[in-house]
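A.B. asks: Pasting the sequence and the predicted model now:
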Amino acid sequence: MAKFINRVFKIPDFSDNESNVVARLTYNAAIGMTLLGLIFVITAAFIAPALVKRAAILAITFGVTSFGIIALIRNHKLQPASLLLVSVMWLAVTLGSITAGGISAPIFIGYLVVILASSLIPNHKVSIFISAACVVTGILILLAEFNGLLPQPPQYTSAARLGIYLFFFIVTFVLQNVNNRNMQALLKQALQSQAQYKSLLENIPATTYINSTDESAHTEYVSPQVEKLLGYPRTMFEKDSLFWKKILHPEDYKRVMNANRDSIKAGDSFNMEYRLITKDQRMIWVKDEANLVRDEHGAPQYWLGVWTDITDRKHAEEEQADLVSVMTKRTIQLQTAADVSRAASSILDLNKLLPAVADLICNHFDYYYVGIFLVEESTEWAVLSAATGTMGQQMLETHHRLKVEDSSMIGWCIKHGQARIALDVGADAVRFKNPLLPLTRSEMALPLTTRGEVIGAMTIQSQLPSAFTRVDITALQTMADQVANAIKNARLFTEGVSLNKELGSQNAELERFTYTVSHDLKSPLVTIRGFLGYLRQDAKSGDMIRFDKDLNRIANAVDKMQALLNDLLELSRVGRIINTPEDIPFGQIVAEAVELLNGQLEKNNVRMVIQGNFPNILGDHARLVEVIQNLISNAAKFMGSQPRPRIEVGTDGFDADEKTIFFIRDNGIGIAPEYHDRIFGLFNRLDPDVEGTGIGLTLVKRIVEIHNGRIWVNSKQGEGTTFYFTL
């Protein structure tokens, strides 16, 4: 039985303390009203028997209502339960007042009890409505009584009236006492919760704060942990509610302000990692997590946030990132070194090798610019031979070069055979400032050294200051050494191929030479031998006239042989005996050759046309004069019957290697196409009646080739001849 009663009358737990308090108040009020109704019935039987019937009806009504209220509370229907209690009380007081004569009836005071009991309803608006209904109902009863619409009030004895008033006073006292006790319990619980909450906030390892909900986000509270976190006392945040903005790291300020504004507008939670500046000017990382706290109606109240120190974690992440970066960079370096080594071992053409190496280093290391300079034979200048990017192509087209001296990093590097690094180009006094590379912030020049000889240098430039580490310098210097060895090997290979080609050409020429010499020298020897026999016969016969003629023929054969031998000797000297190269205007060479041929040209009435603006030529001055002299002389010899002989000297653009093409053009008899190759052969003479040994064009071809050029002819029979050549 006890268990049944306990199960029936036990108050269930609700989800929050406020609901539990209201449930307890409603439950106690319902039970109390039932008990007081019974007490009222018993008391009325002794002091006012006439009220027993009314008291019994009231007690029964309260009893039934109480059981209904308990059932509703058991089913967690708190608001209907409290509304039922108050409604029944209001109805009982209203009916009692109407039937008992109006406001003069003692039960009319029950409206105060109803208003007091309406505070049990969780919905504040419903509670106000009940109170207003009590006031309106009381006014209506007053008007009805004033207009005589209500029955005459019964006559109450003083004892009955006292008993009724006492009943309501007891009910009011019980409700007020229960309400007061529960309010005190709630207040005590709230204070305990506040103390516990504050203790929790001020003892957790993180710093908590409360900010206002406006866009300025004023600080309203900050926990004591802030002093340990930042070194600033709490009073700094209390005196200056925007102090937290002043200690933001400058690089994070805009990002944090934008995120803070967006969170306030959207009402979303705030979650960021950023840096703060401590009192001793250290930088720490914090994780800021804040939520918008709202009231029961959803209106924003304040931002509750937490600062967690994540500096150690960030440092660990940075160290890990640095380690990954170093490993990645080292991997790239090894890969680049392997690619450079592969290119160095597989590409023997410098025109392909150097650009490939420059591009590999520039792209793999993400540098701004890479250029490779090679030292000229004179060792006075370093010429740009490969470069990356549009700027590099522009410099290559203008044949950019730097002097091997201390006026530039490349020049200094080659001169001293040492690397030079400028981590801040503005502070390096010997750096050459190139207007085509304005974004360079740091530069490194590495010598290209092979077998103890500095053959050039590599420049590596970055847009970032202090872009080169010791590991970078070591790796790049290793690559520079590989490139230097590759350049040396490529040059040796090219020289070997060139030597083999030249040797093959010389062997072929030697064969032709041997054949030609044996053929051309054989003719005067046969003449000499034959006429020596005639001389013997002339001497025996005493025919001195014939003797003199035969002797002259022998002398002519000897002179011819002497001329042939002299020309052969001159040809053999070309390439072995060479004068010191000079940088001389080509126009001066032409002028000297024309001056030497002035007599022949005037004799043949040849008109010379010489273009201006010739470039400078680096070469053997005397030999180059021979070339022009031979070509102009040949042109003058083979004018034929041309009434207005004309010879033109000039330039005709550039060849594929960007070398100037020179020409000597005449309007003479021309050369048939089948003889274009033969004319450069030894002792080849197309017209035997023309004076000469036929070695002139062979000599010209040899001199041109010694100057790394080539010569060719363009001509048709009867349409003149043009000889083209490069140097």
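C.D. replies: Arrived safely.
A.B. asks: following the longest strand seen in the chain, which helix or strand comes up?
C.D. replies: In the chain, taking DSSP state E as the definition, the longest strand is strand 283-294. Note on strand 283-294: by DSSP states H and E, the next helix or strand toward the C-terminus is strand 300-309.
A.B. asks: Can you show me the helices along the stretch 1-150 of the chain?
C.D. replies: Per DSSP state H, counting those that start in this stretch, the stretch 1-150 of the chain carries helices over the ranges 2-9, 17-47, 52-74, 78-99, 110-117, 124-146.
A.B. asks: can the ones you listed go into JSON lines with extra columns for mean neighbour count?
C.D. replies: All C-beta atoms are positioned from the backbone trio N, CA, C, and that covers glycine. Formatted as JSON lines, these follow (neighbours: other CB atoms under 10 Å):
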{"stretch": "helix 2-9", "mean neighbour count": "9"}
{"stretch": "helix 17-47", "mean neighbour count": "19"}
{"stretch": "helix 52-74", "mean neighbour count": "19"}
{"stretch": "helix 78-99", "mean neighbour count": "21"}
{"stretch": "helix 110-117", "mean neighbour count": "22"}
{"stretch": "helix 124-146", "mean neighbour count": "15"}
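A.B. asks: least reliable of these going by mean pLDDT?
C.D. replies: Lowest mean pLDDT of the helices of the stretch 1-150 of the chain: helix 2-9, a mean of 48.
A.B. asks: ok so, going back, in a markdown table: the helices of the stretch 1-150 of the chain, plus distance to D262.
C.D. replies: Listed next are those as a markdown table, based on distance: least, CB to CB, whole Å:
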| stretch | distance to D262 |
| --- | --- |
| helix 2-9 | 54 |
| helix 17-47 | 35 |
| helix 52-74 | 46 |
| helix 78-99 | 39 |
| helix 110-117 | 48 |
| helix 124-146 | 35 |
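A.B. asks: Ok, which of these comes nearest I628?
C.D. replies: helix 17-47 (115.7 Å; CB to CB).
A.B. asks: which one of the helices of the stretch 1-150 of the chain lies closest to D677?
C.D. replies: It is, among the helices of the stretch 1-150 of the chain and with distance given as CB to CB, helix 17-47, at 115.2 Å.
A.B. asks: per-residue confidence averaged over the longest strand of the chain?
C.D. replies: The pLDDT scores in strand 283-294 average 90.
A.B. asks: Go through it and flag the buried ones.
C.D. replies: Under the neighbour-count criterion of 16 or more other CB atoms under 10 Å, strand 283-294 has I284, W285, V286, K287, D288, E289, A290, L292 buried.
A.B. asks: Which one of those is nearest to G138?
C.D. replies: Nearest to G138 among the buried residues of strand 283-294 is L292, at 44.9 Å by CB to CB.
A.B. asks: Hmm, the closest one is touching T213, no?
C.D. replies: Yes. If you go by CB atoms under 8 Å, L292 and T213 touch, sitting 7.0 Å apart.
A.B. asks: any common contacting residues for the two?
C.D. replies: P300, Y302, W303 (CB atoms under 8 Å, 6 or more residues apart in numbering).
A.B. asks: who's the second one bridged to?
C.D. replies: Here Y302 sits in beta bridges with V293, going by DSSP bridges.
A.B. asks: quick one: stretch 476-493 to chain centroid distance?
C.D. replies: A distance of 32 Å separates the centroid of the chain from that of stretch 476-493, by CA atoms, centre = their mean, to the nearest Å.
A.B. asks: in it, what counts as buried?
C.D. replies: 476-477, 479-488, 490.
A.B. asks: Can you get me a residue count around L727?
C.D. replies: The tally of other residues near L727 (other CB atoms under 10 Å) stands at 22.
A.B. asks: Could you report the distance from it to V594?
C.D. replies: 18 Å (CB to CB, to the nearest Å).
A.B. asks: Next: P224.
C.D. replies: 103 Å.
A.B. asks: Neighbour count: these two, which is higher?
C.D. replies: Just comparing P224 and V594: by other CB under 10 Å the higher neighbour count belongs to V594, 17 against 14.
A.B. asks: and that one, what element?
C.D. replies: In the assignment (DSSP H and E), V594 maps to helix 586-596.
A.B. asks: which residues in the stretch 201-350 of the chain form strands?
C.D. replies: For the stretch 201-350 of the chain, the strands defined by DSSP state E, counting those that start in this stretch occupy 207-211, 219-222, 270-277, 283-294, 300-309.
A.B. asks: Output these in TSV, with distance to L85 appended to each entry.
C.D. replies: TSV is the format used below for the strands of the stretch 201-350 of the chain (distance: least, CB to CB, whole Å):
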stretch	distance to L85
strand 207-211	40
strand 219-222	41
strand 270-277	45
strand 283-294	31
strand 300-309	33
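A.B. asks: Closest one to L374 out of the buried residues of stretch 476-493, please.
C.D. replies: Comparing those against L374 with CB to CB places I487 closest, at 7.3 Å.
A.B. asks: Distance from stretch 135-148 to the middle of the chain?
C.D. replies: 86 Å.
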